[in-house]
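**Q** fold the following and give me the result.
(one chain, ligands or ions: 2)
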Amino acid sequence: MENPFETIIASYIKDKVGISEDFLSDALCEKLKQHLLGLNAEDRMRAAAIGNDGKRVFNDLVRTDTIYWLDKAHNNDFENEFFDTMDAFVAYLNESCFTNIKSYEFHYSLYEKGSFYRPHYDQFEDSSKRQFSMISYLNANWQTQDGGELLIHQKSNNQSISPTQGKTVFFKSDELEHEVLLTNARRMSVTGWLKRD
Ligand code: OGA
Ligand code: MN
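**A** Numbers count the residues shown, from 1 in each chain. Ligands and ions are numbered 1, 2, ... in the order given. Alright, predicted model coming up:
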């Protein structure tokens, strides 16, 4: 099997959108999904905002997912196993591409049936810390009719990406406008940003 770090970086360089089909193992996806569903059952997922600290607004015309921020301070085995993978990836990226990523932030996202996220960029107006966006999907047996594609707006051709389990997508946060199309099934992911402080 190819090295998923190599695969995602090579496709990023070629297409501006890096994709690896098996960035996270099925075993880890399954654990993360169970954790997310547990948090949801305990009512610990929260409506996602747009904008950052100073001007957070909730606008369900723009996005209707709920989120939960991962944190090393939680000392949670599932979160830590995910962070181990990201630490390895960031080290690899910094070494091979001189990206100088200093930190990251990740949250679980849950899109219930009927949810979406309208076209947007991932950088806030007042901060350029977010360098790269990364989304890992946790949806086993995703069907075409389930929709929920990540649609990346590109000059030449929009790119439609189905949120299938294990797949991870990687792109420059300030460069590509993108959206999550209406989902017809529950859609789960870990979404985050690699940052330069
Ligand atoms: C986001 C986002 C895309 C996806 O959370 O900013 O664009 O495929 N997510 O979930
Ligand atoms: Mn986004």
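**Q** C-alpha from now on. contacts and neighbour counts both.
**A** OK.
**Q** for this structure, which residues are neighbours of ligand 1?
**A** With Cα under 6 Å from any ligand atom as the criterion, the chain meets ligand 1 at residues 122, 150, 179-180, 191.
**Q** can you give me the strands in this structure?
**A** Ranges of strands within the chain are 18-20, 46-47, 66-69, 103-111, 117-120, 130-137, 150-152, 159-161, 168-172, 178-180, 187-195, based on DSSP state E.
**Q** coming back round to it: of the residues of the chain next to ligand 1, which is the nearest to ligand 1?
**A** When those are ranked by distance to ligand 1 (Cα to the nearest ligand atom), Leu150 comes first, at 4.5 Å.
**Q** that closest one bridge partners, please.
**A** In this structure, Leu150 bridges to Ile161, Val180 when assessed by DSSP bridges.
**Q** next, count neighbours for it.
**A** For Leu150, the count of nearby residues is 20 (other Cα atoms under 10 Å).
**Q** show me what contacts it?
**A** 160-163, 178-181 (Cα atoms under 8 Å, 6 or more residues apart in numbering).
**Q** returning to what we had before: of the strands of the chain, which is nearest Cys29?
**A** Checking these against Cys29 by Cα to Cα gives strand 130-137 as the closest, at 7.9 Å.
**Q** partner strands of the closest one, with direction?
**A** Sheet partners assigned to strand 130-137 using DSSP bridges are listed as strand 168-172 (antiparallel), strand 187-195 (antiparallel).
**Q** returning to what we had before: now the buried members of the residues of the chain next to ligand 1.
**A** Among the residues of the chain next to ligand 1, the ones that count as buried by 16 or more other Cα atoms under 10 Å are 122, 150, 179-180, 191.
**Q** what's the closest of those to Arg56?
**A** Within these, proximity to Arg56 (Cα to Cα) peaks at Asp122, which comes in at 14.0 Å.
**Q** quick one: that closest one from Ser189, how far?
**A** In this view, Asp122 and Ser189 are 16 Å apart by Cα to Cα, to the nearest Å.
**Q** the closest residue to Glu79 other than its chain neighbours: neighbour count?
**A** If you skip the residues right next to it in sequence, Glu79 has Leu70 as its closest partner in space, 6.3 Å away by Cα to Cα, 6 or more residues apart in numbering. When neighbours are defined as other Cα under 10 Å, Leu70 has 21 of them.
**Q** what does Leu36 give?
**A** When neighbours are defined as other Cα under 10 Å, Leu36 has 25 of them.
**Q** endpoints of stretch 42-60, how far apart?
**A** Per Cα to Cα, stretch 42-60 runs 22 Å from first to last residue.
**Q** what's the mean pLDDT across the longest helix along the chain?
**A** Among the segments of the chain that qualify as a helix by DSSP state H, the longest is helix 77-97. Averaging pLDDT along helix 77-97 gives 97.
**Q** all set, thanks.
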